[in-house]
Every structure is written in C-alpha cells, then in structure tokens.
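Peer 1: sequence first, predicted coordinates after that:
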Amino acid sequence: MFQAVKVAGALQATESSQRPEFGRKVSPLKKPPGEGSGPTIPVDFRGNIVGRGVLCGLIAPFRLMYAASTSMNAENLKNRIEVVEGDITKLRVDAIVNAANTTLLGGGGVDGAIHRAAGPELLEECRALGGCPTGQAKISTGCGLPAKWVIHTVGPVWRDGQHGEEELLASCYRNSLALAELKGARTIAFPSISTGAYGFPMEKAARIALTEIKKFLERNSSMEKVILVCFGKSAFDIHRQALNKIPMTNDH
C-alpha cells in the first residue's frame, strides 16, 4: 500500500510494507507527534486519505438538516407572537398584564380600564399586594375579567433615556413572563407598557417588548401565545413593523 510522507516540506507517496493497525483511529486534520509545520491531510479511521469532496458530501446533509430545523424554529416562534388592535380587558387568555403605577390602586389609561372591567374585588386584592417597585411585577386573580390572572407591572417614566429606562422596561416584560410561567399560563396579553402618559418612545418600547418576549419563548415551550394589544392603528403599525424586524433565530 501507499502512505503519505513529508519530504522537505512536501508530501510524497512511498510504498510501505506495513499495513495500518486495524481499528486504529487517526483524527482527521491532526498531525502525528514529531511532525513539523508542513501540510496536513485528512484521513479516516484506517489511515486512508479522505478527499475534500468526500468531506463536503458528509457535511452537506447536516447543513440541510440544520437549515430546516432553524427555519421550523423561526416559524414556530413567529406563530406564538401576535400583534392585535383591541381591548385587552375582553381577551380570553390565561393572564393579562396591567400597566400599573407603584401603588397598584388603579389609575388612568389601561390601568383604569382593567380595574373598571374587573370590578371592586380587584382593588381589594391589589391593596393586599402592598405596592410594586418600577420594573417589578405582582399578580392577582382576574376577578370579573375573562382572564384568570392579572399581572401588575410598573413601567418607567421616560426622562431622557439616560436613567435606566430601557432596562427597567425590559425588566417589566421579563418579570411578568416569569410570573405567568410560575402560574402555568399558556396564553398572555400585554399592553404597550409605559408608552402612554409615561412618555416612553413607542418604537423603542416595541423593540424592547418583542426582544424580551422572543428570548422567553426560545427557552419556554409551554407558552403557546403572547399577544401584544395595541390601542389605535398607529400603535398597531409600529408593533407590527417591530415584530417583522426582530430576527427569529439564534443566528443573529
């Protein structure tokens, strides 16, 4: 048989009287001890040279399988996030998120709408929760709402973007999703947190919301649907555009 040897930095084929030991594994692309810095050739477990075409032929099916798997995962993620325009208090989901203030005792906007729809029992439950810091979340029952749970989170007031507003808003979504997971919720609906009276720029808020939701869904397979409920067509369009811009695979 023939084996490859190195002569003055080049490879030369010479006849060998010794057969390679059967079953001896030689790692592809690895130089034997004592070899210099000359060229390296890939070999199989019997010591036979493997051509580049053979290697590509072996790798190609795995590349196709990975591409198909990545495409399926991206499609699955996309189907689990929905942007709608409507009234969050009417949704039949396991949990809705309330954009509350630190007292948790009701207010304007979506906070007031949720308290009105849920009835006075919600206020009584919220009194027992003892308030909530910005960026955190607490949970109550849905009382008179179609939803089983209400997750109350306090978004940041936008000042100038230099006071941790983006991280605090991201924390609202992370903590709300964590509470939903703890309660075994499979469907959850969010309003656009902090974009009303608190003045958070909606484009930034939508990007942060969808980034955190995507991260959560990548590791949580039990959550079937996350809905972003928008008030008005302008908010709907902004969130739809943000959803289309968020990469749905881990390759980005």
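Peer 2: Structure's in. What do you need?
Peer 1: what does Gly108 show for phi and psi?
Peer 2: phi -100, psi -180 (degrees, to the nearest 10).
Peer 1: hmm, Ala197 and it touching each other?
Peer 2: Yes. Gly108 lies in contact with Ala197 (Cβ atoms under 8 Å); the separation is 6.3 Å. Where you see a C-beta, it was placed from the backbone N, CA and C, and this is true even at glycine.
Peer 1: more crowded one of these two?
Peer 2: Ala197 (13 against 10; other Cβ atoms under 10 Å).
Peer 1: how close does the more buried one get to Gly109?
Peer 2: 6 Å (Cβ to Cβ, to the nearest Å).
Peer 1: thought Leu182 was touching Asp94, still the case?
Peer 2: No. Counting by Cβ under 8 Å, Leu182 is not a contact partner of Asp94; they are 12.0 Å apart.
Peer 1: more crowded one of those two?
Peer 2: The neighbour count for Asp94 versus Leu182, taken as other Cβ under 10 Å, is higher for Asp94 (19 against 9).
Peer 1: which non-adjacent residue is nearest that one?
Peer 2: In space, not counting the residues next to it along the chain, Asp94 is nearest to Ala185; the distance is 3.7 Å by Cβ to Cβ, 6 or more residues apart in numbering.
Peer 1: please identify the helix or strand for the one you found.
Peer 2: Ala185 is located outside every helix and strand, with elements delineated by DSSP states H and E.
Peer 1: and the pLDDT at it?
Peer 2: On pLDDT, Ala185 comes in at 98.
Peer 1: from Ile151, how far off is it?
Peer 2: 9 Å.
Peer 1: quick check: mean pLDDT across stretch 236-246?
Peer 2: 95.
Peer 1: list the buried residues for it?
Peer 2: Using 16 or more other Cβ atoms under 10 Å as the test for burial, stretch 236-246 gives 236, 238-240, 242-243, 246.
Peer 1: what is the nearest of those to Ala128?
Peer 2: His239 (33.3 Å; Cβ to Cβ).
Peer 1: I'd say the closest one and Val226 touch.
Peer 2: No. Between His239 and Val226 there is no contact under Cβ under 8 Å: 12.0 Å.
Peer 1: now do the SS call for Glu212.
Peer 2: Here Glu212 is helix, with the state taken from DSSP: H, G, I helix; E, B strand; the rest coil.
Peer 1: which residues touch it?
Peer 2: Glu212 makes contact with 170, 173-174, 177, according to Cβ atoms under 8 Å, 6 or more residues apart in numbering.
Peer 1: give me the nearest residue to it, chain neighbours excluded.
Peer 2: The nearest residue in space to Glu212 (Cβ to Cβ, 6+ apart) is Tyr173, at 3.9 Å.
Peer 1: give me the neighbour count for that neighbour.
Peer 2: 26.
Peer 1: picking up where we left off before, more neighbours: which of Ala185 and Ile151?
Peer 2: Ile151 (26 against 22).
Peer 1: against which helices or strands is the helix or strand containing that one packed?
Peer 2: Applying DSSP H and E as the criterion places Ile151 in strand 149-154. Judged by 3 or more Cβ pairs under 8 Å, 6 or more residues apart in numbering; DSSP states H and E, the packing partners of strand 149-154 are strand 95-100, helix 120-129, strand 137-141, helix 165-182.
Peer 1: and with 7 Å instead?
Peer 2: In terms of contacts (3 or more Cβ pairs under 7 Å, 6 or more residues apart in numbering; DSSP states H and E), strand 149-154 is packed against strand 95-100, strand 137-141, helix 165-182.
Peer 1: just send these back as CSV, with mean pLDDT too.
Peer 2: Formatted as CSV, these follow (pLDDT from 0 to 100):
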stretch, mean pLDDT
strand 95-100, 98
strand 137-141, 98
helix 165-182, 98
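Peer 1: out of the ones you listed, nearest to Phe216?
Peer 2: helix 165-182 (4.6 Å).
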